[in-house]
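Participant: build the 3D model from these lines:
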Amino acid sequence: MSILESQITADERFEKRFQHWNSLWREIAQQEATLRLGGGEKRLERQRAKGKMTARERIAALCDEGAPFLELGLWAAHGMYAEFGGAPAAGVVIGVGRIQGREAMVVANDATVKAGAWFPMTCKKVLRAQEIAAENRLPVVYLVDSAGVFLPLQDEIFPDRDHFGRAFYNNARLSAAGIPQIAAILGPCVAGGAYLPIMSDESHIVEGTGSIFLAGPHLVKAAIGESIEAEDLGGAFVQCDISGVVDHRHPDDASCLAKIRSQFAQMAPPPAAPFARREARDPQYPASQLTGMLPVDRSRPYDAREMIARLVDGSEFDEFKETYGQTLLCGTGWIDGWAVGIVANQRSIVTQRTGVEERDRELQIGGVVYSEAADKGARFVQLCNQKGIPLLFLQDVTGFMVGSRAERGGIIKDGAKMVNAVANTVVPKITIFVGNSYGAGNYAMCGKAYGARFVYAWPSASIAVMGGAQASKTLLSIQLKNREVSDEERESLLSKIQRRYDEAMDPRYAAARLWVDAIIDPGQTREVVSRSLAAAACNPVIDEFKTGVLQT
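Facilitator: Modelled structure (predicted):
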């Protein structure tokens with residue numbers, strides 16, 4: 001393999017970029033620290049006073065000591081439900097942890113947020129956790145401590161296909177697929193929510209704090225006139241010793257979680273996917289420099305090879321069709337010992353041969369996917385599927401090329417070819433939004449709609465149907481249709497539209513809606529990709545790659 005030679009020096013321009021993006025990351029990291037407090041310090045202490053661990057303390061006790069926990073969906077519901085006081089992290093913690101050396105999906109209700117009630121985004125987040133578990137055949141541990149559906153929003157969470165009931169549907173499907181599910185009832189488990197732990201393969205309950213029933217004491221009183229306390233209605237003794245609904249009871253959270261760990265130790269080791277592995281090596285350049293990789297001005301060029309040189313082992317990269325379709329970089333390398341195929345948008349400005357004669361050249365716009373780049377990308381994706389190599393997409397794309405020349409050259413046909421190949425990919429796909437992600441370029445580069453196993457964003461990410469300047473001017477034109485306004489009023493309206501649109505393009509906005517699984521520190525990209533590949537390798541099945549009809 002060729003070794004990528006970096007041309008970046010720690011000069012004033014690099015330092016300016018580094019400081020800009022590092023400052024943004026510090027701001028995001030501080031906000032994340034607050035989100036991890038859930039309902040706040042007072043509610044956390046109140047939970048401990050009841051003899052209960054907090055959601056994150058439970059996860060720490062369950063997972064292997066010192067093993068990294070890949071948290072997902074931390075930003076879910078951020079900025080939403082303000083009329084109800086908000087729902088930090090949607091009141092549930094999910095992520096890939098390691099239990100007895102085995103990768104597992106952990107879902108833990110956070111009772112400090114509205115008693116662990118399910119908001120619409122809580123449901124979406126839990127369903128995402130189950131989707132990841134299914135795709136990667138990860139065992140699931142549910143740490144249940146929830147008051148059930150948040151009633152003021154029941155119409156947005158109860159009846160539809162991907163609402164509350166889908167979680168129990170997934171319970172059944174995961175179990176049928178042979179994917180282990182273990183539930184621990186560590187607090188209240190009410191109404192429809194009672195099905196989630198009992199539809200798991202095995203269930204545990206904690207004495208004095210855990211309870212499970214279809215109707216709580218208040219509803220029982222209203223429905224049939226019976227007066228009864230929660231512990232006598234559906235506490236640990238009742239549901240374990242009398243009804244037999246629950247399989248194990250424990251005196252406290254710690255002993256319950258220790259028992260689940262011991263059960264993981266007895267599980268047969270899973271078969272691994274046949275992905276190539278070798279001993280890991282560090283890149284030749286520090287990963288910390290990735291924070292200063294992107295220009296502050298999103299329209300400025302940079303060489304994506306510089307980014308790849310700080311991601312792949314030994315900075316070794318075997319590029320595919322290096323001199324063709326140069327606004328898209330494709331090639332293979334290794335990340336932490338895992339073989340990967342990398343598809344990255346190239347934002348440096350290049351001259352590309354476009355005709356038979358050498359003199360026929362055109363200046364190419366960085367970040368735009370041209371016909372030849374789409375053709376190259378489709379072929380490379382097909383090759384990686386043929387060879388069984390997982391794919392990593394590094395998105396900084398402004399879309400497909402437009403205009404008469406592009407249309408006559410068949411840009412739609414070539415774009416469709418790439419989209420088809422990406423959609424039908426059978427090897428694991430991981431997508432990272434490093435910069436712009438606009439229009440159909442989002443789809444071709446494996447956006448959320450195209451089945452990536454994991455989707456992450458750098459703080460520099462910007463996700464929208466088009467760039468802010470173009471979108472704002474378009475929206476302004478629509479608003480001002482058949483209206484005459486002064487230049488001053490026009491500028492004021494444009495500024496307001498731009499501000500609102502820019503807020504919607506922020507990666508925190510995307511993460512709040514689970515368009516991405518997490519916002520990550522660029523310097524930690526290798527570690528995050530490695531953890532994601534380790535999870536993906538737990539599914540040994542790779543289907544036959546087929547694309548159907550392709551335009552040629």
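
Participant: just the terminal-to-terminal distance for stretch 148-156.
Facilitator: 14 Å (C-alpha to C-alpha, to the nearest Å).

Participant: could you verify that V343 is part of a strand?
Facilitator: Yes - counting by DSSP: H, G, I helix; E, B strand; the rest coil, V343 is located in a strand.

Participant: distance check, it against I519.
Facilitator: 21 Å (C-beta to C-beta, to the nearest Å). Bear in mind the C-beta positions are built from the backbone N, C-alpha and C, glycine included.

Participant: the two: who's more crowded?
Facilitator: Higher neighbour count among V343 and I519: V343, with 26 against 23, using other C-beta atoms under 10 Å.

Participant: I'd guessed the more buried one sits against Q395; true?
Facilitator: No - contact criterion C-beta atoms under 8 Å: V343 and Q395 do not qualify, at 9.0 Å.

Participant: overlap of the contact sets of these two?
Facilitator: Residues touching both V343 and Q395 (C-beta atoms under 8 Å, 6 or more residues apart in numbering): M445, C446.

Participant: which residue packs closest to V96, ignoring adjacent ones?
Facilitator: L70 (4.3 Å; C-beta to C-beta, 6 or more residues apart in numbering).

Participant: ok, now I335?
Facilitator: When the adjacent residues along the chain are set aside, I335 lies closest to V529, with 5.3 Å between them (C-beta to C-beta, 6+ apart).

Participant: just confirm the one you found is within a helix.
Facilitator: Yes - V529: assigned to a helix according to three-state DSSP.

Participant: and the pLDDT at it?
Facilitator: You'll see V529 listed with a pLDDT of 98.

Participant: thought it was touching L392?
Facilitator: Yes - assessed by C-beta under 8 Å, V529 is found in contact with L392 at 6.3 Å.

Participant: what is in contact with the two at once?
Facilitator: I335, V340, I430, I432.

Participant: and for the second one, the neighbour number?
Facilitator: Under the neighbour criterion other C-beta under 10 Å, V340 is assigned a count of 26.

Participant: how about the contacts made by it?
Facilitator: By C-beta under 8 Å, 6+ apart, V340 lies in contact with V312, T332, G333, W334, I389, P390, L391, L392, V529, L533.

Participant: which helix or which strand is home to the last one?
Facilitator: By that I understand L533. Using DSSP states H and E, L533 sits in helix 525-536.

Participant: in terms of secondary structure, what does that helix contact?
Facilitator: In terms of contacts (3 or more C-beta pairs under 8 Å, 6 or more residues apart in numbering; DSSP states H and E), helix 525-536 is packed against strand 70-72, helix 120-136, strand 328-335, strand 338-345, strand 429-438, strand 454-457.

Participant: got CSV for those, with distance to N539 and mean pLDDT too?
Facilitator: Converted to CSV, the helices and strands packed on helix 525-536 look like this (distance: least, C-beta to C-beta, whole Å; pLDDT from 0 to 100):
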stretch, distance to N539, mean pLDDT
strand 70-72, 16, 98
helix 120-136, 5, 98
strand 328-335, 19, 98
strand 338-345, 14, 98
strand 429-438, 13, 95
strand 454-457, 13, 98
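
Participant: what's the closest of those to D297?
Facilitator: Closest approach to D297 among those is made by strand 429-438 (11.2 Å; C-beta to C-beta).

Participant: mind giving me the packing neighbours of the following helix or strand past the closest one?
Facilitator: Later in the chain than strand 429-438, the nearest helix or strand by DSSP H and E is helix 439-444. Helices and strands touching helix 439-444, by 3+ C-beta pairs under 8 Å, 6+ apart, are strand 368-369, strand 391-397, strand 399-400, helix 411-423.

Participant: tilt between the last one and strand 328-335?
Facilitator: Comparing the axes of helix 411-423 and strand 328-335 via axes from the mean of the first three to the mean of the last three C-alpha atoms, to 10 degrees yields an angle of 20 degrees.

Participant: from the chain's centroid, how far away is helix 411-423?
Facilitator: Remark: helix 411-423 is offset 24 Å from the chain centroid, using C-alpha atoms, centre = their mean, to the nearest Å.
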